[in-house]
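Student: return atomic coordinates for the entry below.
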Amino acid sequence: MNLSPKEEAELLRLLELEQIDNLKNNFYSFCRYMDPLFFSDDKPHLQEIAEAFQYVAERQILKLAISEPPRAGKSYETSLWCAWMFGRNPTGSIMRNSYAADLAYTFSYDIRQMIQREKYLKVFSHIKLKSDRKAIDDWALQTSKRSAYFCAGVGGPITGKGCDIAGILDDPIKNIEEALSETVIKNVWLWYTSTHLSRFETGCPEIHIATRWSKKDPIGKLIDEASEYYSGDFTVIKIPALDQYGKTFCPAIKTTEEYLAIKKVTEDFIWEAEYMQNPVESKGLLYPIEHLKRFGRVDLASKIPDGIVGFTDTADQGDDYLCSLIGKKYGLYTYITDVVFTQEGVELTEPMVAQMIIDTCADVEKVESNAGGKSFATNVRKLIQGKSGCTVVFEPATTNKETRILMCAGYVKEYFYFRDDYEPGSDYDKFMRQLTGYVRLGRNKHDDAPDAITGLGDYMKAHTFTLPEGKKVKEGGTYHYGELVQLGFNDTQIRRMVKEGQIRVIGRKPR
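Tutor: Okay, here's the model as predicted:
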């Protein structure tokens, strides 16, 4: 059937309206319409992100975290989503903050430019900037009830404003230097919890766009099940530069060869964080928590240890922690059952350590005698006198601390077990957080936990080892009773060696 010119014009109008309706309701179609060259078929990751944003728009996702390699388009696509959402909700408000005000302002400027483009206005013709609210950090639309868009750098003030379309934190950490700074990481989290979150209206979606620099960044704390801040309702999109087969995630962004060339000249831990979205601690940490053997107290309830050894590293400086550990030895393995980890003064820490020695029936307690350790050991001896048979010894550490920690780490990870049932906020919890946060790169504000575990590890290596062939023992050495039995010594032999002063035995005492 032939159409008249009028009918044909009406059909074209209806088709255009249908297309516009699709652009209003489908975010990925809108992206393709606004920038068809960038949103091409050979970049499937952009569609994956667009679909997640679609679900946020429809309130099927309320918490979203996105991490991609540099230049993959995550921030650009986020800006397009903001523009698209204003067309759908012209009275709503978006907050988008970043590590620095300059970057936040750049995002703001880009969105304002988008909503003034002719292509955009063909879809959302009702969107107009308000002439008297055009500040780059806080602007409004003619339809706005308040601010349509506001932004700040981390640490900056945000007062008197609220967001209901979305609250976005886009790259809160600038680079690897900031990621390795305990102060920066702490300040980002404090600002996020005290300022950023305070601007959310009820039911407002939360979006995080970031390189996964650190497990302690906001995304890390919110999606890591080991974190006390873990929020299991986050939808996480994590796209590494190279897939499991070592191939590029998207040749249209960068080829495999290009990524491998970058990898060749990039420090491993930076490559892992910036390009593979594995936080710096995954490669830079000496004791990643996932690499440590774990146990619960119930696992040891019916077992008798071969020996119980304590180690105490006293505080060197005013803000250092005293770290005192109790390790129970079962065969070749040491289980860290009790911890004192505090910044309190010696008037409190001496009785705390003494009581732990008494409560755990420790056989030997070694105190590192640097920085007042000898005096500490002497006072602990007095406090446990008549209440414990523990031998308290002291000895200075003479080798380089960092080297000592690195050299012992392999032994600790192989032969030490750490509790998985401690209370949040307890001394054990604080000890584990410092231990698992220790970075090999030397940028550590505190090293009390790894230093103490090293001291205990070195003591165990020196005094609890497999005896040489022929059952010969080292003159003056200290051994666990259970190990001597396992290696073939009977009670008579053990008692004779102890009586003659050849060895000392911890654990079950020879009669």
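
Student: can you tell me the SS state at the residue nearest to residue 31 when sequence neighbours are not counted?
Tutor: Nearest residue to residue 31, sequence neighbours excluded (C-beta to C-beta, 6 or more residues apart in numbering): residue 39, at 4.5 Å. In short, each C-beta sits where N, CA and C put it, glycine included. Following DSSP: H, G, I helix; E, B strand; the rest coil, we place residue 39 in the coil state.

Student: residue contacts, residue 39?
Tutor: Applying C-beta atoms under 8 Å, 6 or more residues apart in numbering to residue 39 gives the contacts 28, 31-32, 46.

Student: same question, residue 351
Tutor: The contact partners of residue 351, taken as C-beta under 8 Å, 6+ apart, are residue 383.

Student: that one belongs to a strand, doesn't it?
Tutor: No - in this structure, residue 351 is helix, not part of a strand, as judged by three-state DSSP.

Student: for it, give its distance to residue 389.
Tutor: Using C-beta to C-beta, to the nearest Å, one gets 19 Å for the distance from residue 351 to residue 389.

Student: do the same with residue 249
Tutor: Residue 249 is 62 Å from residue 389, by C-beta to C-beta.

Student: now residue 130
Tutor: 80 Å.

Student: the more surrounded of the two?
Tutor: residue 130 (14 against 10; other C-beta atoms under 10 Å).

Student: spit out the contact partners of that one.
Tutor: Counting by C-beta under 8 Å, 6+ apart, the residues that residue 130 touches are 139-142, 144, 148.

Student: could you dump those into CSV with distance to residue 111 and pLDDT added?
Tutor: What follows is these, written out as CSV (distance: C-beta to C-beta, whole Å; pLDDT from 0 to 100):
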residue, distance to residue 111, pLDDT
139, 9, 96
140, 13, 96
141, 11, 97
142, 16, 96
144, 14, 94
148, 10, 96
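
Student: and the next helix or strand past the helix or strand where residue 24 lies?
Tutor: Secondary structure assignment for residue 24, by DSSP states H and E: helix 5-25. Using DSSP H and E, the helix or strand that follows helix 5-25 towards the C-terminus is helix 27-34.

Student: who are the packing partners of that following helix?
Tutor: Secondary structure elements in contact with helix 27-34, counted by 3 or more C-beta pairs under 8 Å, 6 or more residues apart in numbering; DSSP states H and E, are helix 5-25, helix 44-57, helix 74-88, helix 118-123.

Student: list the buried ones in stretch 306-323?
Tutor: By 16 or more other C-beta atoms under 10 Å, the buried positions in stretch 306-323 come out as 306-316, 320-323.

Student: what's the local residue count around residue 394?
Tutor: Residue 394 - counted by other C-beta under 10 Å - has 20 other residues nearby.

Student: residues contacting it?
Tutor: Residues near residue 394 by C-beta under 8 Å, 6+ apart: 366-369, 373-374, 376-377.

Student: of all these, the one with the weakest confidence?
Tutor: Within the set of the contacts of residue 394, pLDDT is lowest for residue 369 (75).

Student: I figured it hits residue 377, correct?
Tutor: Yes - judged on C-beta atoms under 8 Å, residue 369 makes contact with residue 377 at a distance of 6.8 Å.

Student: between these two, who's got more neighbours?
Tutor: The neighbour comparison of residue 369 against residue 377 (other C-beta under 10 Å) goes to residue 377, with 22 against 18.

Student: just checking, what packs against the one helix or strand that one maps to?
Tutor: Using DSSP H and E, residue 377 falls within helix 373-384. Applying 3+ C-beta pairs under 8 Å, 6+ apart, we find helix 373-384 packed against strand 307-313, helix 346-360, strand 364-368, strand 391-395.

Student: please identify the deepest-packed of those.
Tutor: Mean neighbour counts were taken over the helices and strands packed on helix 373-384 using mean count of other C-beta atoms under 10 Å, and the top value, a mean of 26, falls to strand 307-313.

Student: least trustworthy helix or strand in this structure by mean pLDDT?
Tutor: helix 280-284 (a mean of 63; mean pLDDT, DSSP states H and E).

Student: who wins for most neighbours among the contacts of residue 130?
Tutor: Tallying neighbours with other C-beta under 10 Å puts residue 148 at the head of those, with 29 neighbours.

Student: ok, the closest residue to residue 332 other than its chain neighbours - contacts?
Tutor: Excluding the flanking residues, the one nearest residue 332 by C-beta to C-beta, 6+ apart is residue 415, at 5.9 Å. By C-beta under 8 Å, 6+ apart, residue 415 lies in contact with 332-334, 457, 460.

Student: so of those residues, which ones are in strands?
Tutor: Counting by DSSP state E, the contacts of residue 415 place 333-334 in strands.

Student: in this structure residue 307 contacts residue 362, no?
Tutor: No - Residue 307 lies out of contact with residue 362 (C-beta under 8 Å); the separation is 9.1 Å.

Student: closest to residue 232 among the contacts of residue 394?
Tutor: residue 368 (41.3 Å; C-beta to C-beta).

Student: from what I see, residue 480 and residue 304 are in contact.
Tutor: No - in terms of C-beta under 8 Å, residue 480 does not count as a neighbour of residue 304; the distance is 11.6 Å.

Student: contacting residues around the closest residue to residue 204 other than its chain neighbours?
Tutor: Closest residue to residue 204 apart from its sequence neighbours, by C-beta to C-beta, 6+ apart: residue 164 at 5.1 Å. With contacts defined as C-beta under 8 Å, 6+ apart, residue 164 is in contact with 92-93, 201, 203-204.

Student: which of these tops the neighbour count?
Tutor: residue 93 (25 neighbours).

Student: no more questions from me, cheers.
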